[in-house]
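*Asks:* Sharing a model that was predicted from the sequence below.
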Amino acid sequence: MNYTTQMDAARKGILTREMEITAKKEGMKPEELMELVAEGKAVIPANKHHVCLEPNAIGSMLKTKINVNLGTSRDLNDMDLELKKVEDAVLMGAESIMDLSSFGDTRKFRKRLTSQCPAMIGTVPIYDAVVYYHKPLKEITSEEWIQIVEMHALDGVDFMTIHVGINKQTAHRFKEAKRLTNIVSRGGSIIFAWMEMTGNENPFYEHFDRILEICREHDVTLSLGDACRPGCIADASDISQIEELVTLGELTRRAWEKDVQVIIEGPGHMPLDQIAANMKIQQTICKGAPFYVLGPLVTDIAPGYDHITAAIGGAIAAAAGASFLCYVTPAEHLRLPDADDVKEGIISARIAAHAADLAKGIKGAKDWDYQMSDARKRLDWEAMFNLAIDPEKARRYRASSKPEKEDTCSMCGNFCAMKNMNRILDGEIVNIYDE
Ligand code: SF4
């Protein structure tokens, strides 16, 4: 192999197996994708050690991808249950799984993922350091933080979220400016606490060149984490968020100089009218590096329904340039999601992604809708079920309320506009009341 990363290969004009596979999935020429990867506008997260990976490319001009967060926690430490959720998530269309495990034998779980799961695997090494070293946060050394990154790279992780943008300067600005909900990023809050307690610079920022060496060696895509993502509507687009984004823009340039692929993490909670502008600012500052958004949740008042608040924001964000949506489940802010929550979250994120792909004119996106509408017009229920984003739910709903006439549904019965229009245009008499 005479290249290091996918970006290095693209810049040398080498067409990799991953480029060929992903270009085919996107319905584009491999050379076109290669150019985007060379420029950093698309990434193919593909760690050399993740041998069972079925790769996907991420970029604003490509089909919008979705990520599903899973993993063990102190309150629910069942590895097999989490692996079953991973399997189901992939079957339901998730292109990426982020392992956010924060309890138990996290390395064993991570290795099982990268040896069995065909989706891209992402992690947040900051969480894992706290579990792995088994000692108070303050006692973790700068070197140990970096070693965890190396361990994840060796374990085959395709992309890593590293909260590198919150350096001393950003932390100072954050404290001066004040916020309603402070730092809500889990990794961001951990590294901020460590910086406060030790008085040291963020180790990932201070030793960014070492991080880049590790990523380059194993071809890990850097997901530059947003410690200061707004955690409520009141904090959206504030000084801390934008200050950190500027730092992420500078770090993107440094990563690209070493041929390391980069995605940028984004908000968070954000009112609807600010989302499109935020996508444009990110694209300008980070020179078109793919944007990975966590929501954004367009209101704070809907615990239990945050898969909906996030899907509204996600659709707007992706239509305006975001490339990658992190799913949000109805359990957000309330508990670890169960299998039903995971399903609701995935379907909601996929709807948001597809709605954005329609708006962006992504190749093939509208064909799916056309086929569904055609099946609706023909009142072909079996075809509708098969085309539905959630066939099981569509089938269950229809079965739960049988219509008197098989070719209608219990919503309008004899008043079925679809049926009556078909009939009248075919020259039939439409009586409705006595049929
Ligand atoms: S009965 Fe009404 S809702 Fe049901 S298929 Fe016909 S037009 Fe649509």
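*Replies:* Good, I have the coordinates.
*Asks:* how deep is the residue nearest to residue 260 when sequence neighbours are not counted tucked in, by neighbour count?
*Replies:* With CB to CB, 6 or more residues apart in numbering as the criterion, residue 260 has its nearest non-adjacent residue at 4.6 Å, and that residue is residue 215. No exception for glycine: its C-beta is placed from N, CA and C like everyone else's. Residues contacting residue 215 under the criterion other CB atoms under 10 Å number 27.
*Asks:* same thing with residue 287?
*Replies:* Per other CB under 10 Å, the neighbour tally for residue 287 reads 15.
*Asks:* Domain ranges for this structure, per the record?
*Replies:* Split into domains by automatic domain parsing, the chain comes to 6-360, 364-400, 403-435.
*Asks:* Quote the end-to-end distance of the last one.
*Replies:* Spelled out, it's domain 403-435. 14 Å (CA to CA, to the nearest Å).
*Asks:* And for the second one?
*Replies:* For domain 364-400, the first-to-last residue distance is 33 Å (CA to CA).
*Asks:* Pull out the buried residues from that domain.
*Replies:* 365, 372, 375, 379, 381, 384-385, 387-390, 394-395 (16 or more other CB atoms under 10 Å).
*Asks:* Would you mind putting the residues you listed into a markdown table with distance to residue 295 alongside?
*Replies:* Output for the buried residues of domain 364-400, formatted as a markdown table (distance: CB to CB, whole Å):
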| residue | distance to residue 295 |
| --- | --- |
| 365 | 22 |
| 372 | 27 |
| 375 | 32 |
| 379 | 37 |
| 381 | 34 |
| 384 | 30 |
| 385 | 30 |
| 387 | 28 |
| 388 | 25 |
| 389 | 20 |
| 390 | 21 |
| 394 | 26 |
| 395 | 30 |
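*Asks:* mind showing which ranges of the stretch 301-435 of the chain have poor pLDDT?
*Replies:* Counting by pLDDT under 70, the stretch 301-435 of the chain has no low-confidence residues at all.
*Asks:* for the ligand, what are the nearby residues on it?
*Replies:* 408, 409, 411, 412, 416, 417, 418, 419 (CB under 6 Å from any ligand atom).
*Asks:* Buried ones only from those residues, please, as a ChimeraX command.
*Replies:* A single ChimeraX command selects the buried members of these (16+ other CB under 10 Å):
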select :408,409,416,419
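*Asks:* Which ones among the residues of the stretch 301-435 of the chain next to the ligand map onto helices?
*Replies:* 417, 418, 419 (DSSP state H).
*Asks:* Out of the residues you listed, the closest to residue 29 would be?
*Replies:* residue 418 (40.5 Å; CB to CB).
*Asks:* unless I'm mixing things up, that closest one is touching residue 375, no?
*Replies:* No. Between residue 418 and residue 375 there is no contact under CB atoms under 8 Å: 10.6 Å.
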